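Peer 1: Here is my input, please return the structure:
(chains A and B)
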Number of protein chains: 2
Amino acid sequence: MKGRLFVVSAPSGAGKTTLLKLVMRDVPKLSFSISHTTRSPRPGEVDGVDYHFVTKSRFEKMIGQGAFLEYARVHDNLYGTSSDAVEQQLSRGIDVILDIDVQGAQIIRKSGQIDGAFVFIAPPGLGELEKRLRGRGTESEEAVKTRMANAKQELQAAKEYEYLLINDDLEQAARVLSSIVTAERARGHRSASGEPITSNYCK
Amino acid sequence: MKGRLFVVSAPSGAGKTTLLKLVMRDVPKLSFSISHTTRSPRPGEVDGVDYHFVTKSRFEKMIGQGAFLEYARVHDNLYGTSSDAVEQQLSRGIDVILDIDVQGAQIIRKSGQIDGAFVFIAPPGLGELEKRLRGRGTESEEAVKTRMANAKQELQAAKEYEYLLINDDLEQAARVLSSIVTAERARGHRSASGEPITSNYCK
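Peer 2: Numbering: from 1, shown residues only, chains lettered A, B, ... in the order given. Next comes the predicted model:
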């Protein structure tokens, strides 16, 4: 049976990274989408595991070929999700989580290329979000304000997602996200050959 | 937040009853829909718990009032699901499982009165189903054949359901059904007031 794409977005401070780690631990046959990037590998990062590291000219050639489900420029580097990379995993029956911002998710939704399930992870509330951002102690006052404004705008986007998950309890939120993956696997009409899953029964 | 209706159907021998008991044990705020019937209570059955026991004339009056989401005659008795009974539970924030055959499910789907999630529970395969029916030792050869023919026809109906759950492992199937309930609770745009659940965040 072909895998399913889960497009997961969250504003900064929603606790997405920790949450996704818990879900990856609990749910078999689930992996992250591996992005392409033009930035240099950081110490310890492995090509084809953390990212597909490519040159700028290769990346731009791929853009020209329509190879990306979505891509974006961040701090002079290009990041993108290649259709082929995702499709390779899906065709091996692996469900893929694509951890992406709301703009990227919008592009994928509108492209209609891949029929994914869209999950938005919200922090318990904006007050709680601010506390978390300040709690990091690594952000300037200005940076916190900018991030809060962005978060408010991003939360507007939650309405466009199929699933909304409020991360007010990490273990509980992980159970819900794992349940979403499990439930989506039981949604009808999916098989490797494109046959409805019921075809074995309905001859 | 308003509850959600889960319409669950399965051919005979799919192991639905045991499965539903496991899910009821594991998932909080989930209950069975209580049907109306004109048959007499059996020893131990309690009015308003096992069924709403009503007279034939009362039942027929309710039919006239359009009070039933669906109803059917079985062995000279009438059985029906009243909209009010379901709505009462839903409005208290309780998710409701309606255990019903495919014909009843079709009627509810077509009525469009209640936006439920439709789950079909299939046995591992027809061979396995036959084994289970014979394994009961309570069915005549003729009865097994009739049930098998009915089951094949019922399995055709699986295509109309949103979720298909194959009960090849009872504990695993219970986990999947519990996940479907949990995931549906995270699906967007539901709250007691009809407001999108995101309204707290998106002011």
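
Peer 1: What residues does A:Leu22 make contact with?
Peer 2: For A:Leu22, the contacting residues are A:170-171, A:174, by C-beta atoms under 8 Å, 6 or more residues apart in numbering or on different chains. No exception for glycine: its C-beta is placed from N, CA and C like everyone else's.

Peer 1: How about A:Val27?
Peer 2: Shown in contact with A:Val27 (C-beta under 8 Å, 6+ apart): A:95, A:178, A:181-182.

Peer 1: Let's have the contacts of A:Leu22 in CSV, adding secondary structure and pLDDT.
Peer 2: Formatted as CSV, those follow (DSSP: H, G, I helix; E, B strand; the rest coil; pLDDT from 0 to 100):
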residue, secondary structure, pLDDT
A:Leu170, helix, 90
A:Glu171, helix, 91
A:Ala174, helix, 95
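
Peer 1: Now the buried members of those.
Peer 2: The neighbour count (16 or more other C-beta atoms under 10 Å in any protein chain shown) marks A:Ala174 as buried among the contacts of A:Leu22.

Peer 1: Report the central residue of chain A.
Peer 2: Residue closest to the average C-alpha location in chain A (C-alpha atoms, centre = their mean): A:Asp99, at 2.1 Å.

Peer 1: Spatially nearest residue to that residue (excluding sequence neighbours)?
Peer 2: Nearest in space to A:Asp99, with sequence neighbours left out and distances taken as C-beta to C-beta, 6 or more residues apart in numbering or on different chains, is A:Val8 at 5.4 Å.

Peer 1: who are the neighbours in contact with the residue nearest to the centre of chain A?
Peer 2: A:8-9, A:16, A:20, A:32-33.

Peer 1: swap in A:Thr81?
Peer 2: Contacts of A:Thr81 by C-beta under 8 Å, 6+ apart are A:33, A:35-36, A:68-71, A:98, A:100, A:104, A:108.

Peer 1: which stretches of chain A aren't confidently modelled?
Peer 2: Residue ranges of chain A with pLDDT under 70: A:126-127, A:188-203.

Peer 1: and the contacts of A:Asp99 as CSV, adding secondary structure and neighbour count?
Peer 2: Output for the contacts of A:Asp99, formatted as CSV (DSSP: H, G, I helix; E, B strand; the rest coil; neighbours: other C-beta atoms under 10 Å in any protein chain shown):
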residue, secondary structure, neighbour count
A:Val8, strand, 26
A:Ser9, strand, 25
A:Lys16, helix, 20
A:Leu20, helix, 20
A:Phe32, strand, 15
A:Ser33, coil, 20
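
Peer 1: residues in contact with whichever helix or strand A:Arg109 is part of?
Peer 2: Following DSSP states H and E, the helix or strand that holds A:Arg109 is helix A:102-111. Residues outside helix A:102-111 that contact it (C-beta under 8 Å, 6+ apart) are A:7, A:9, A:69-70, A:72, A:81, A:98, A:100, A:114, A:116, A:118, A:120, A:154, A:157, A:160-161.

Peer 1: May I see the PyMOL selection of the buried members of the residues you listed?
Peer 2: Of the contacts of helix A:102-111, the buried ones can be selected in PyMOL as follows, counting by 16+ other C-beta under 10 Å:
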select buried, chain A and resi 7+9+69+70+81+98+100+114+116+118+120+154+157+161
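
Peer 1: How many residues are close by A:Gln172?
Peer 2: Per other C-beta atoms under 10 Å in any protein chain shown, the neighbour tally for A:Gln172 reads 13.

Peer 1: An error on my part: the question was meant for A:Asp169.
Peer 2: Applying other C-beta under 10 Å, I find that A:Asp169 has 11 neighbouring residues.

Peer 1: For it, give its distance to A:Glu128.
Peer 2: In this view, A:Asp169 and A:Glu128 are 12 Å apart by C-beta to C-beta, to the nearest Å.

Peer 1: and if you look at A:Lys29?
Peer 2: 33 Å.

Peer 1: now swap in A:Gly93 and tell me
Peer 2: Counting by C-beta to C-beta - A:Gly93 and A:Glu128 are separated by 38 Å.

Peer 1: Kindly report the same for A:Val181.
Peer 2: From A:Val181 over to A:Glu128 the distance is 25 Å, taken as C-beta to C-beta.

Peer 1: Who has more neighbours out of those two?
Peer 2: A:Val181 (22 against 15).

Peer 1: That concludes my questions; thank you for your assistance.
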